[in-house]
Structure formats: C-alpha cells, structure tokens
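Trainee: After the sequence you'll find the predicted model.
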Amino acid sequence: MKLRLPAIALFIGLTIATVPMRSLATVEVATQANDDLITELIVERLPGRSSLSAMSLIENEFDLDASVESKIFDRLEVIQLDQPITRAEADSLVQQLVDTGKVESAEINEKRYAVTAPNDPEYVNQWYLKDFATTDKGIGIESAWSHTTGSPSIVVAVIDTGYTVHPDLPTPLPGYDFFDNDADATDPGDAGCDQLNPSWHGTKVAGIIGAKTNNGIGVAGINQQSQIQHIRILGPCGGDTSDEIKAIRWAAGLPVHGISLNPTPARVLNLSLGGGGNCSELEQSAINDAVAAGAIVVVAAGNGGSDNVGDDLDLPQNAFSPANCNNVITVAATTSTGARASYTNFGSIVDIAAPGSNIRTTTVGGYTSVSGTSFATPIVSGIISLMLSVKPGLDYYGVLTLLRKDNVANSFPSSPSSQCSNDISATYYCGLGILDANHAVHTAFLIALEVFEPLQPTRVADTRSNIGNVGTNKIGNGASGGTPLTFKITGIGNIPTTGVSAVSLNITAVNTQVGDEGGYLKVYPCASGQPDVSNLNFVSNQTIANAVIVPVDTNGNICIYVYGQAHILIDTNGWFANSVNFTTITPTRVADTRSNIGNVGTNKIGDGASGGTPLTFKITGTGNIPTTGVSAVSLNITAVNTQVGNVGGYLKVYPCASGQPDISNLNFVSNQTIANAVIVPVDTNGNICIYVYGKAHILIDANGWFAT
C-alpha cells in the first residue's frame, strides 16, 4: 500500500542535574477493542460522475482496491476499502480526494456506539464518572464515550512508582525505571521512610486512566483504548528531580544519555507528584522540550503540607513544583459536592479542577478508594487523552485553548462553603472549573480552533517615550543599520503569555532619518535571525505604518531591525493561537516582478489608469507553504517603482477563481514604495491573483498559512 505518513521526531540536548526529592501528592483511604482502523468512506460524487470515478481515483492514486458498499441517496455512497488503513492515512486520503476536485465531498464513515453504562461491577461506586447534573458532581464520561472511547495511537505516560500486573489493567507498553536505572518499570512494592506499606501509587493512577472497561470485573477507566506507559522515578522515600527530568524527556521521545529513544512517545504525561520549591531551570527546560515535541504535561497541584490542609500556592513559602512550572496543566481536587477538597492546594497557577476524593481504582490484590490531587490529575489526563483521540493534532496550547471555552469546565457551586472559585482574584482560586469530559471531547471533536483572537488596538511600545521599556532613542544607525530592538510581546496588551504563535501588529516609523537610498525595517522572531525581506520602507522625515503579522519565538520575543534611523511605535490588534490550523514560517520572498522570482515575469503589472491583466501566482508549494491542505495564506505585499495618474493607484489580492472583489488591499501614488499585510484565501488550484490599477512592481513575502 503506497499511502503512508512520515513520522518526525525532535531531538534537543539537555544537561541532567540532581536536585531535591519529590513526594506523592496522595491522601489514602484505607481499604479490546476498537483498533482505530478505517475501512469505509462516505463519498459524494460530482453531478454526472459515476461511482467508478471515485473508486478509480482511490485505486490508481492510492493503491487501494475499493467498491461501493451501499448507496445513501442520489450521489452519496459508502465506499469500502479492500484493507484497513490508519486514521492518519484515512484523513490524508479524504483530504487528497477532495483536493483533486473529482468528488464533491468525502469523509470517514465513523463508528457510533450506544451510550450505556459499562458492566464493570465497581462502576456504581465510581461517582466521579457520572454526569455533573446528578447529585454527585462528576465528569460525565458516558456522553464523552459517544464521541470516542480512545485511540490506540495515543500513549499516556504515568511517571510514578511503576506498575503491577492486575487483571483489570491492560498490558502496558515497555517503559523505563529511572529510579533503579533499568528497563523494568514494575513497582517492587517499596515500603520505608514514612510509608509503612507499599503505596502502589502508579497502579492506582493507571486504573483511573485506563482500567479495562466492559470486561465484567472491577472498575472502568476513562480511556478504553489508549495505551499506558509506566516510567518509574519514585521509591519508598520519593525521588530526585534529575530522574523526573529524564522521565519527562524520555516519555516525550527525546534523548536521554545512555538510554535508547522511547519507541512509543507519549502524548500525555501524568505527574501525580511534587515537592516544595520553585520550578528549577532544568525542570522547566525538560517540560518546554516535551511540549515542543507535542506532549501535554499534566501535574498535581499538591495536598498542602504535612497537615494535608491545602495551601495558597501564590505565597512564596508554599511553592510547589512541578505545579508551578510553565507549560503544564495543573490540577486541583474537588469533592462529590463540587466543593474544594480540604487537602488541595489552590492559587493562580492552577488551571483546572477534577474530582479527587473517594476515587475508586485498582490496587495490588483488588481495588481501593483513594483521595488526593494525585487522583484528580489522572482524571484530567484521561480526558485530555480522549480529546487527542478525536483531534490528534492538538498540542498543549490547543488543549489549553479548548479548556478555556464555555462549558468545557463546569462552574463551582456558588455557596461560600464550596471554597472554590474561577475568579482569579478570589481567595480560593481552583482554576477554570471542574472539567467536563463530554463537553471537552465534544468541543475537540467539532471545532477548528479560532486561530485568530482580535484585540482592542493597544499601544505597547514607543521609543519616543519608553512605553514598553524600549528606551527613548531612535533605533538603527544611519546607513549601516544598528542593533535590533528586542521586545517581549507576549503577556502585554492582552496577548497571553503562552499559546501564542504569532501576533498581528501595526508598526509605525516616525521621525525617520536616512540617506538618499531610503530606509527600511524588518520585524521577525528574534531566535530565527533576520530574514531577507523587509516589512516597511521609508524616506527621511516620514511617518509611515504597516500591518505586520509576525511569529513570536519560544521566549515570546520579536525583534525589529532598522536600516536608517527611526522612532518605532508598536500597536497590538490580535494574536494567533498555537494550533494545527495556523502555521507560521520565517518571512520568505516568494515573488518579485523585478527579478522574476516566482516566475512572475520582469515587467510591472497593471496598465496605466485603465488597469491591466491580473498576475496569477501559484502560492501553494512555495516558501514552505504546503502544496495541499492550505485554505489561506498570510502575506506581506509591497508595491515599488509605482506609476500612476493624479487619481492614485491601488491593487487587489484575491483567490483567482472567485473573481475580483470590489475593494483594494493597497493604495499608492507615483514613485512610492509601500507595503501592507494581507490574509488571502487560495483557490482550489492553490492560486492567488493580484490586480493593479496603475503600474507597479510587486513583491510577495509569505509568513504563514492556514490549514483547510
């Protein structure tokens, strides 16, 4: 079979250091399957086309035999494939079928299941899985299962004490024991220090996430299909942060010295553990690298001090890590009434809450009830793994964006006794609310992330008055250029501190000074280095502005380099979320009519006052823009060497197949160099057109693209 998708791994080096021990975030209370392979598609034929058209396309281009399994009505048919393919392959096949233009539409023939309670006898005691609307404030898992019961392609890493064999737990994937430095991740049943008996902590966490369901014994897990991987870092007296760092990296498929790469990297990392102190630099670096590799790290908020009474994590003396690290999802615990569990920590670093008291799960020799943020955390991990099962392309930022959407988290009870609020200024802040499995999975199933969040325009930097702490000097240094301005753009002007891939700005150059050759400025993510293209051109004593869409680097910074001298004003008007829908690229020149870059010719386009023939340009497949799967592109369009009559000139940028719009994107006068940012859809052939009224040479710089 020809259709296969490549795998990409990210390798980033890290020095490992040993820092203080970790402890369990636990309070004890004594005491297959769908394989996610696709065999059928639903295809809507084009008018006048026979069934053979779609089947021949599949057979000839994808090396799959196909037949009509049944007709739904008119041109809508179910196409049976001769052999199963993975969901990723099916998604690619469906997209390519549509992109050919030979079918009206195509989609996977998804499975649907009855929404019924499982037959596990302990399920009646798992109050936390029930619907929030009932007496007990649970997560509503049965409705979530109507969307998915999980996917074998999603791996959940339990970074904990290791695992034990249990009849109600699936066989885990091969893991690793960093505590004893071997490949055996089983839990030896350590007892010691203040632990009189083995905790079997990892076994309990694993049962909450993935205990076998509908097998007639024991409890039901949240995710019925995804695979669990145990990574041991905790022994009888806790564990070291150095082992935590190794485990996070190895779980995410990143290199650790002396150990083979994890062949089955995890998408969700569950850390039901923590210890006093701030997040260390190397701990944060490991988390950042894991998130960059596509992992979502879920951690416990912790259970207070030795008194097991929850603490305010906003107070320096109560620092608790990795809960206070960046780029993690920190979980607080609630009771069956929806109130704050007395033991759970709280504060502004908490992201979400989940049930954590009297949680029924697996242990050695049977089942037990447990309480603690240790057990609220795997509930969130399990729900996130279901979200990834329906939208594998979600990353940490995408998940965090979805958690913030309406109804994905249920509100805390309003009574004062609940001691939980989603008002970050309240004494007891417990996150956005109690995570609802059904709404979270349903939202992930339905939505394409709103990739652009508009903002009220806000001035965030001005070198004339040191707004934004950028100094009060012009930047640049005559004709030679100068040191770029580095500016932290995330966390200001209502732009979030995390989850931002690019920002939409208005950049203004004022009080300009430059020689006869003119000046310019470049706006770019600092870490990528200066691009070869500019965003704004100016002459002396000019005030000129341009809209700019610029990626931010991993530190949230942008840089501005000025050739010549100018004071710079930066105004924010929106930001793009990190998501599968919008991909930023280093600004790249993809067309220039002066030098025939992009095969657009070397003539000015337009023809005096009457206008001329539009320039047709194939935008997909250029400048790191893919050839397929692109709905729109983010460009900077510059008009240079302009010629026009007294009425002025303009240009329009549009998808060729739609015809010219009634509005322009850029206006100019003679002998001007002027640019503007443009977001333009591409037509089905991947083309855009540019119509010029007047005459001008055109430069096209690409800086991002939107997925279909």
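Mentor: Good, I have the coordinates. Remember, it's a predicted structure, so these values are computed and weren't measured experimentally. Residues are numbered from 1 along each chain as shown.

Trainee: pLDDT weak spots in the stretch 51-200 of the chain?
Mentor: The stretch 51-200 of the chain contains residues with pLDDT under 70 at 51, 53-54, 60-63, 111-116, 194-196.

Trainee: can you give me the helices for it?
Mentor: Secondary structure of the stretch 51-200 of the chain (DSSP state H, counting those that start in this stretch): helices at 51-62, 87-99, 141-145.

Trainee: Downstream of the lowest-mean-pLDDT helix or strand in the chain, the next helix or strand is which one?
Mentor: Lowest mean confidence among the helices and strands of the chain (mean pLDDT, DSSP states H and E): strand 27-29, at a mean of 44. Note on strand 27-29: by DSSP states H and E, the next helix or strand toward the C-terminus is strand 37-45.

Trainee: now that next one: mean pLDDT?
Mentor: Per-residue pLDDT over strand 37-45 has a mean of 81.

Trainee: Give me the packing partners of that strand, helices and strands only.
Mentor: Packing contacts for strand 37-45, counted by 3 or more Cβ pairs under 8 Å, 6 or more residues apart in numbering; DSSP states H and E, involve helix 51-62, strand 76-86, helix 87-99, strand 103-108. Backbone N, C-alpha and C define where each C-beta goes, glycine included.

Trainee: Just give me the neighbour total for residue 198.
Mentor: By other Cβ atoms under 10 Å, the residues close to residue 198 number 18.

Trainee: For it, which non-adjacent residue is closest in space?
Mentor: Among residues not flanking residue 198 along the chain, residue 189 sits closest, at 3.9 Å (Cβ to Cβ, 6 or more residues apart in numbering).

Trainee: I'd like the helices of the stretch 51-200 of the chain as TSV, with mean neighbour count and distance to residue 170 appended.
Mentor: Output for the helices of the stretch 51-200 of the chain, formatted as TSV (neighbours: other Cβ atoms under 10 Å; distance: least, Cβ to Cβ, whole Å):
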stretch	mean neighbour count	distance to residue 170
helix 51-62	17	33
helix 87-99	19	20
helix 141-145	23	17
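
Trainee: Output those helices as JSON lines; include the columns distance to residue 445.
Mentor: Converted to JSON lines, those look like this (distance: least, Cβ to Cβ, whole Å):
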{"stretch": "helix 51-62", "distance to residue 445": "26"}
{"stretch": "helix 87-99", "distance to residue 445": "13"}
{"stretch": "helix 141-145", "distance to residue 445": "10"}
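
Trainee: Residue 641 is nearest to which of those helices?
Mentor: Among those, helix 87-99 comes nearest to residue 641, with 37.0 Å by Cβ to Cβ.

Trainee: quick check: angle from that closest one to strand 103-108?
Mentor: 170 degrees (axes from the mean of the first three to the mean of the last three Cα atoms, to 10 degrees).

Trainee: which strands and helices sit next to helix 87-99?
Mentor: Under the contact definition 3+ Cβ pairs under 8 Å, 6+ apart, helix 87-99 sits against strand 37-45, helix 51-62, strand 103-108.

Trainee: Tabulate these in JSON lines, adding columns for distance to residue 666.
Mentor: Listed next are these as JSON lines, based on distance: least, Cβ to Cβ, whole Å:
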{"stretch": "strand 37-45", "distance to residue 666": "39"}
{"stretch": "helix 51-62", "distance to residue 666": "40"}
{"stretch": "strand 103-108", "distance to residue 666": "36"}
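
Trainee: out of those, nearest to residue 315?
Mentor: strand 103-108 (50.4 Å).

Trainee: Okay, now stretch 639-655: how far is its last residue from its first?
Mentor: Terminal residues of stretch 639-655 are spaced 19 Å apart (Cα to Cα, to the nearest Å).

Trainee: Check which residues of it are buried.
Mentor: In terms of neighbour count (16 or more other Cβ atoms under 10 Å), stretch 639-655 has its buried residues at 639, 640, 642, 643, 644, 649, 650, 651, 652, 653, 654, 655.

Trainee: And for it, what's in contact with it?
Mentor: Here stretch 639-655 makes contact (Cβ atoms under 8 Å, 6 or more residues apart in numbering) with 594, 604, 606, 608-609, 635, 637, 660-661, 663-675, 678, 680-683, 687-699.

Trainee: Need the buried ones from those residues selected in ChimeraX.
Mentor: Restricted to buried positions by 16+ other Cβ under 10 Å, the ChimeraX selection for the contacts of stretch 639-655 reads:
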select :604,606,635,637,664,665,666,667,668,672,673,674,675,678,680,682,683,688,689,690,691,692,693,694,695,696,697,698,699
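
Trainee: In stretch 527-541, which residues are buried?
Mentor: Buried positions in stretch 527-541, judged by neighbour count with 16+ other Cβ under 10 Å: 531, 533, 534, 535, 536, 537, 538, 539.

Trainee: out of everything not next to it in sequence, what's closest to the second one?
Mentor: Yep, that's residue 533 we're talking about. The shortest distance from residue 533 to any non-neighbouring residue, by Cβ to Cβ, 6+ apart, is to residue 701 (4.4 Å).

Trainee: Using the three-state scheme, assign the one you found.
Mentor: With DSSP: H, G, I helix; E, B strand; the rest coil as the basis, the three-state label of residue 701 is strand.

Trainee: can you count the residues close to it?
Mentor: If you count neighbours by other Cβ under 10 Å, residue 701 ends up with 23.

Trainee: Next, residue 679: secondary structure please.
Mentor: For residue 679, the assignment made with three-state DSSP gives strand.

Trainee: Which strand or helix spans the closest residue to it other than its chain neighbours?
Mentor: Excluding the flanking residues, the one nearest residue 679 by Cβ to Cβ, 6+ apart is residue 634, at 5.2 Å. Element membership for residue 634, per DSSP H and E: strand 630-643.

Trainee: Please, which helix or strand holds residue 507?
Mentor: Using DSSP H and E, residue 507 maps to strand 500-513.

Trainee: who does that strand touch, helix- and strand-wise?
Mentor: Strand 500-513 is packed against strand 519-524, strand 536-538, strand 544-551, strand 557-563, strand 565-577, strand 582-592, with contacts defined by 3+ Cβ pairs under 8 Å, 6+ apart.

Trainee: For residue 41, find the nearest of these.
Mentor: strand 582-592 (26.5 Å).

Trainee: just checking, next helix/strand downstream of that closest one?
Mentor: strand 615-618.

Trainee: outside of that following strand, which residues touch it?
Mentor: Residues from elsewhere that reach strand 615-618 (Cβ under 8 Å, 6+ apart): 591, 593, 598, 600-601, 605, 656, 685-692, 698, 700.

Trainee: what distance separates it from the centre of its chain?
Mentor: 32 Å (Cα atoms, centre = their mean, to the nearest Å).

Trainee: and the gap between residue 413 and residue 132?
Mentor: Distance, residue 413 to residue 132, by Cβ to Cβ, to the nearest Å: 11 Å.

Trainee: ditto for residue 358
Mentor: Distance from residue 358 to residue 132, counting by Cβ to Cβ: 16 Å.

Trainee: out of the two, which sits in the busier spot?
Mentor: Taking other Cβ under 10 Å, residue 358 and residue 132 do not tie; residue 132 has more neighbours (21 against 18).

Trainee: Kindly export the longest helix seen in the chain (C-alpha atoms) in CSV.
Mentor: Longest helix of the chain, by residue count under DSSP state H: helix 373-390. C-alpha atoms of helix 373-390 as CSV (Å, rounded to 0.1, in the frame of the first residue of the first chain):
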residue,chain,number,x,y,z
THR,A,373,-4.7,15.7,43.9
SER,A,374,-2.7,12.6,42.7
PHE,A,375,-6.0,11.1,41.7
ALA,A,376,-7.7,14.3,40.3
THR,A,377,-4.7,14.6,37.9
PRO,A,378,-5.2,11.2,36.0
ILE,A,379,-8.9,12.1,35.6
VAL,A,380,-7.7,15.2,33.6
SER,A,381,-5.0,13.2,31.8
GLY,A,382,-7.6,10.6,30.8
ILE,A,383,-10.0,13.3,29.4
ILE,A,384,-7.2,15.0,27.5
SER,A,385,-6.2,11.6,26.0
LEU,A,386,-9.8,11.3,24.7
MET,A,387,-9.6,14.8,23.3
LEU,A,388,-6.4,13.8,21.4
SER,A,389,-8.1,10.7,20.3
VAL,A,390,-10.6,12.7,18.2
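
Trainee: Fine by me, we can end here.
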